[in-house]
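In: no FASTA, just this:
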C-alpha cells in the first residue's frame, strides 16, 4: 500500500475527493433535473389517411409533421422537444374514436389535432372532455363549437357559417336571389344549405325548392329535372369533392347552366378544375384559405411561402414533386394548430396535464398576428365557443383555373355565440 | 366418442373456459389503459358477432344486415338515458327491447324466404334503415349523432361512477357473460336443438313436425336481441352514437369475425373479433395501404382452407383425434 | 307536372337499361353458379377505370366499349380460376365470403393504382336534344340504346348458339348436361367471365355520366341486387323488366316525394313483390 505523502498529496487527495463526491452527486442528481425539463410535449394527430377524406388527412399529416419539425429546430417549446404521433381515423367514427383513445391512453398525448371529418370531431368531444385533453378540431360543421362541443374543444378554422356568409356576400351583387337547394343527406350537406338560407333569406332570397339526395347518389338528373333554368338563379349544392363534380357536369348536360350558377359547399379537394370541363365556369366555392400564391394578400405572401415550402406545396396549390392537386384551402389549419398549442403553452406556463385549465384559459380570447406560425392570416379565438374568426376566400372556376373572386374579412362574418364554454369547470 | 373420452374432453373444455374467465376478470388490473380499452371493445364486438353466429352458425341463415340491430340497440340506450330517465339499467333494457321488437317485426317478414333471397333481403332492409337513420336527423342526429353524459351505475344500494374504465369493463363483461350464458343454455335446450336441426336439413325438420317458420323467427329474434344488446353497450363505452352505426360495413365485420373465429361454436365470434380487431389496430398504423388486401386474402384463404374457422377447425381436429385413438376404433 | 313525369320516366328508362346490363351479369352468375357475387360492384368500378384509361391514354373513351368487357372477362377468368372454382358445390356462404374478400382486394387495388381522386371523362357525345323545357343529353340515349342492343344480342346468344345452349342446359340439369358431354366446367368459367364483362361494360358506359372513383360501385351493387331479387334470380328477361320498372318507379316517385323516400319506395316495392311472389316476378319455384 502506498502511503500518501504528506503535504501536496493530501491536498490533492482531498481535492480529488471533493471533486469526485461532487461529480457523483451531480451524476446522481443530474438525470432527475434533466428529466423534469426534457420530457417531450406530445402532440397526437388524428388524421383521415384512408377512406373518403384521405386527401385532407394526407396533407394535414404533412403539415403537422413540418410544423413540429420547425418548432423543434427552433428549440422546442420552453426548451422541451415536441413529439408527434399520427393515427389514421379512416373517415370512420368508430375507428376514429378508437384511435383517439390510443393517442391519449397509449401514446400519452397531451394535445390532439383532429381530422376534417365532422362526425369524428363531434363524437370525440365527450372523450376529450373525459380525459381532459385539449382537442383542436378541423371539421367545419357548426355544431362542433356549439352544442356538440365543450371547453376542451378548439377550432382554428372558420366554419360553414363563415363559409356561406362569405359566398353570399361576394356572389350577391352578381346574381339574382332565387335559389334551389340540393344537398347530400347528411349533416354537412344540410348545414351548407341551412347556413346559406340564413344569410340570403333576410335580404330577399327566395327558395324555389329544397331536396336532399341519399348518400352515394350517382345520378342527379331526376332531381335536376325539377329545376327550370329560367326560374332559378343559384343552385346551392350541399356536396363536396366527387359529388359536386357530378352535379355540375350533369347540370351542364341538362343545359341548366346557361345563366344559373352553382354553389359548392367547399373547395373540391384534390380535384383539378379541368375535370369540371365546361360546367366549371358556373361553379362557385367557399374556401378557408388561398389556393394559389397569386391569391395571397401581399402582406401574407412571405409567410405563405414558408408554409408551402415546408410541406412541399407549389405556388399553384399542387404537390411540388408529383404535381397532384393539394388541398391548400384546408391544410394550413393543422399547421397553425401546432402553433396555437405552442402559444397556449408559452402564455400559460403549462408544464403538464395538471395545468390544462391554465392552458385553456390562455387560449380563450387570444389574438394572433399573421406570421410563419399563422400563414393564413391574423386570427382571434373567441372565448365563449373557442371558434376562430379569420378571413374567408371565395373562388370560381374560370378557364380551367380556380379564380379568386374575393376575400371577406372576419369582421363581416361575425355572429353571436350560442354557447358559453367559459362557464364550464375544467 | 366413448363416454369416458367425452367427459375427459368436456373437463378440459371447462378448464379452458375457467382459465379464460379468470384472465378476463383479472385483465383490467393487469393491462395498460389502451389494451384494456381494446379488450372492452372486443367484448362488445364479440357479443355483436355472437348475434350473427346465432342466426348463421346455428340456424344456417346468412343475415348480412346485422348492423341494423346494433344501431337500434345503441339508439335505444341513448334515448332512454337522455330523454326518459338517467339510469344505466333502463338504457340497457331499452336497447334490448327496441332491438327485440325490431327483430320480431322484420323477422316475421324475412324468415319466409329461403337462403339467397334471405341474404339480399337482409342487405336491403339494412340499407333502408341506414337511409332512414340519416334522413330523420331530428330523431337520430344523422352522422353527427347524439352525445350523452353517462349516469352513475346503481346496483341495489351501491353507486359506481362510470368514469372509471375498470367499472365500465366489468359492467360490459358481466352483461356479455350473462347474454352468452342465456344463448348457450338456449342451444342446449330442446328448442335450441330444434333450431339447429333446421340448419342441418330444413325439409327433414319439417317432416319431424317442427314448426320451422316459428323456430326461425325465434332464432332471428334471439340473434337480433343479442346484437342489439351489444349495440347498447357501445354508447355505454363511448358516450356517443350516430347513424353511421347502421352502415353496411359493420354487418360485414360481424360475418368476418364469426367466420374467422368459427361459425356455430358460439365462442368463435369472440375469438374472431379479438384476433381481427387487434390485428386491424396493430396493422393499420404501418400497413395502412395493404391492410384491406390482406383481409380479403385472409377471408378467401380461411373459407376455402379452413371453413370452420379457427375454433371450428380446432374442435374438428380434437374430435378426429379422439375418434382415432378409441379402443376398437381406427388406429 | 305531366312534363316532369315524362322526364322522370325517360331518365328512368335510360338508367333502367344501363342497370339491366349490370344486373344481368349478376343474375347470370347466380343462375348458373349459384353465386351471390358481392364483388359485382367492384367489377363495375374496374370497368369504369379501364374506360378512364382508354380516354386518357388510348385517346378515346370509345375504345372502352371493347377494352372494358375484355379486361373484365380476363379479370373474371383469373378470379374464377384462383378462387371460385374451388367453391363450386359448397354451401352458399363460401362464395359470398369469397366474393366479399375479392371486393376488398379489388377496391383497394383500384385505390392504390388509379388513386382516390374522382376524375371525369368528358361526355363522348356532347350534344343535347331539346326536351320538355330543358335539354336531355344524347349520350344517355346512346347508352340506353346500346345497352338494349347488347341485351338483345345476349338473349339471342343464349337461345341460338352452341355455348348458349350449353349454358341453359347446364343450368337446367347439371348431371344430364355432364352426361351429354357438355364441358360443364368450361361453361361455368365462361358464364362467370360473361357476367363480369357485362358489369365492366356497364361501368364503361356509366363513367362519363357520373365520375370515376374507387367507391363508385357501392350504391350500384345495392340497386343491382334489388333488381335481381325482384326479378327472380336467374331470369335474364325478368331482370330487364324489373330494372326498368324499379328505375321508372323511383324516378316518378322522386317527382312527388323527397329523394330518400323515393329510394326507400323502390326498395319497398321489392319487398311487396316478394311477399306476393317469393321467388320473384319471373323466378322459378
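Out: Looks like it came in fine. In this text the structure is predicted, and so the values were computed from the model without any measurement.

In: can you pull the buried residues of the longest helix along chain C?
Out: Using DSSP state H to define each element, chain C has its longest helix at helix C:2-33. Buried residues in helix C:2-33, counted by 16 or more other C-beta atoms under 10 Å in any protein chain shown: C:4-5, C:7-33. All C-beta atoms are positioned from the backbone trio N, CA, C, and that covers glycine.

In: Quickly check: it near chain A or not.
Out: Yes - among the residues of helix C:2-33, C:4, C:7, C:8, C:11, C:12, C:15 lie within reach of chain A under C-beta under 8 Å from any C-beta of the partner chain.

In: Can you convert the residues you listed into CSV and add a column each for pLDDT and distance to residue A:309?
Out: Output for the residues of helix C:2-33 next to chain A, formatted as CSV (pLDDT from 0 to 100; distance: C-beta to C-beta, whole Å):
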residue, pLDDT, distance to residue A:309
C:4, 85, 54
C:7, 86, 52
C:8, 89, 53
C:11, 89, 49
C:12, 91, 53
C:15, 91, 48
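
In: for these, which one is nearest residue B:253?
Out: residue C:15 (31.3 Å; C-beta to C-beta).

In: Apart from its neighbours in sequence, what residue is nearest the closest one?
Out: Spatial nearest neighbour of residue C:15, chain neighbours left out: residue C:247 (4.7 Å); criterion: C-beta to C-beta, 6 or more residues apart in numbering or on different chains.

In: doesn't residue C:19 make contact with that neighbour?
Out: Yes - using C-beta atoms under 8 Å, residue C:247 is in contact with residue C:19, at 6.2 Å.

In: For residue 68, the count of nearby residues, please.
Out: You didn't say which chain, so I picked chain A. 22 (other C-beta atoms under 10 Å in any protein chain shown).

In: oops, chain B please
Out: 30.

In: Same check on residue C:69?
Out: 25.

In: so who does it touch?
Out: By C-beta atoms under 8 Å, 6 or more residues apart in numbering or on different chains, residue C:69 lies in contact with C:47, C:197, C:198, C:200, C:201, C:204.

In: same thing but at 10 Å, please
Out: By C-beta atoms under 10 Å, 6 or more residues apart in numbering or on different chains, the contact set of residue C:69 is C:47, C:50, C:76, C:150, C:193-194, C:196-204.

In: just residue B:65 next, same as before
Out: Contacts of residue B:65 by C-beta under 10 Å, 6+ apart are B:106, B:110, B:119-130, B:224, B:246, B:248, B:250-251, B:254.

In: number of nearby residues for the nearest residue to it once chain neighbours are set aside?
Out: Leaving aside its chain neighbours, residue B:65 sits nearest to residue B:126 (3.1 Å; criterion: C-beta to C-beta, 6+ apart). By other C-beta under 10 Å, the residues close to residue B:126 number 25.

In: Distance of residue B:126 relative to residue B:119?
Out: 11 Å (C-beta to C-beta, to the nearest Å).

In: what touches both of the two?
Out: B:63, B:64, B:65.

In: Nearest to residue A:374 among the residues you listed?
Out: residue B:65 (48.5 Å).

In: Domain map for chain A?
Out: Annotated domains of chain A cover A:41-158+A:301-313+A:323-390, A:161-287 [automatic domain parsing].

In: Tell me which of those domains sits nearest to residue C:281.
Out: domain A:161-287 (23.5 Å).

In: Please report how far residue A:415 lies from residue C:120.
Out: In terms of C-beta to C-beta, residue A:415 sits 37 Å off from residue C:120.

In: what comes up buried for the helix or strand where residue A:247 lies?
Out: In this assignment (DSSP states H and E), residue A:247 forms part of helix A:242-253. Residues of helix A:242-253 classed as buried: A:242, A:243, A:244, A:245, A:246, A:247, A:248, A:249, A:250, A:251, A:252, A:253 (neighbour count, 16+ other C-beta under 10 Å).

In: Give the closest residue to the third one in space, chain neighbours not counted.
Out: Ranked by C-beta to C-beta, 6+ apart and with sequence neighbours excluded, the top spatial neighbour of residue A:244 is residue A:264, at 4.3 Å.

In: doesn't residue A:248 make contact with the one you found?
Out: Yes - contact criterion C-beta atoms under 10 Å: residue A:264 and residue A:248 qualify, at 7.8 Å.

In: For these two, list the residues in contact with both.
Out: What both residue A:264 and residue A:248 touch, as defined by C-beta under 10 Å, 6+ apart, is the set A:235, A:237, A:239, A:276, A:283, A:397.

In: So what's the residue count around the last one?
Out: Burial measure for residue A:397: 24 neighbouring residues, criterion other C-beta under 10 Å.

In: Show the low-confidence segments of chain C, by residue range.
Out: Within chain C, the segments meeting pLDDT under 70 span C:132-134, C:172-174, C:284-285.

In: can you give me the helices in it?
Out: Counting by DSSP H, the helices of chain C are C:2-33, C:40-56, C:64-82, C:92-113, C:138-160, C:162-172, C:174-179, C:184-206, C:217-231, C:236-256, C:259-276.

In: With distance to residue B:136 as added columns, please give these in TSV.
Out: Below are the helices of chain C laid out as TSV (distance: least, C-beta to C-beta, whole Å):
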stretch	distance to residue B:136
helix C:2-33	25
helix C:40-56	26
helix C:64-82	39
helix C:92-113	29
helix C:138-160	33
helix C:162-172	43
helix C:174-179	48
helix C:184-206	30
helix C:217-231	20
helix C:236-256	18
helix C:259-276	9
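
In: Mind putting the shared contacts of residue B:126 and residue B:119 into TSV with distance to residue C:89, pLDDT and secondary structure?
Out: As requested, the shared contacts of residue B:126 and residue B:119 are exported to TSV (distance: C-beta to C-beta, whole Å; pLDDT from 0 to 100; DSSP: H, G, I helix; E, B strand; the rest coil):
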residue	distance to residue C:89	pLDDT	secondary structure
B:63	23	91	coil
B:64	22	89	coil
B:65	27	92	coil
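
In: need these in TSV with distance to residue C:210, can you?
Out: Shown next, in TSV, are the shared contacts of residue B:126 and residue B:119 (distance: C-beta to C-beta, whole Å):
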residue	distance to residue C:210
B:63	31
B:64	25
B:65	26
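
In: What is the nearest of the residues you listed to residue A:361?
Out: Once C-beta to C-beta is applied, the member of those that ends up nearest residue A:361 is residue B:65, at 48.9 Å.

In: buried sites along stretch A:319-336?
Out: Across stretch A:319-336, burial judged by 16+ other C-beta under 10 Å covers A:319, A:325-336.

In: Going by mean pLDDT, which of the domains of chain A comes out lowest?
Out: Of all those, the minimum mean pLDDT falls on domain A:161-287 (a mean of 89).

In: Looking at the residue of the stretch 101-250 of chain B at minimum distance from chain A now. What's its pLDDT?
Out: At 4.0 Å from chain A, residue B:239 is the closest residue in the stretch 101-250 of chain B, using C-beta to the nearest C-beta. Note for residue B:239: predicted pLDDT of 90.

In: Next, give phi and psi for it.
Out: For residue B:239, the backbone dihedrals (degrees, to the nearest 10) come out as phi 60, psi 20.

In: shouldn't it be in contact with residue B:91?
Out: No - applying C-beta under 10 Å as the test, residue B:239 and residue B:91 come out as separate, 11.6 Å apart.

In: Please identify every residue contacting each of these two.
Out: The contact lists of residue B:239 and residue B:91 share B:78, B:81, B:148, B:150, where a contact means C-beta under 10 Å, 6+ apart.

In: Next, give me the two most distant ones among those.
Out: B:78 and B:150 (10.6 Å).

In: Show me which of those two is the more surrounded one.
Out: residue B:78 (27 against 20).

In: tell me the SS of the more buried one?
Out: Here residue B:78 is recorded as helix under DSSP: H, G, I helix; E, B strand; the rest coil.

In: so what's it up against?
Out: Contacts of residue B:78 by C-beta under 10 Å, 6+ apart are B:91, B:94-95, B:140-141, B:145-148, B:232, B:234-236, B:239-242.
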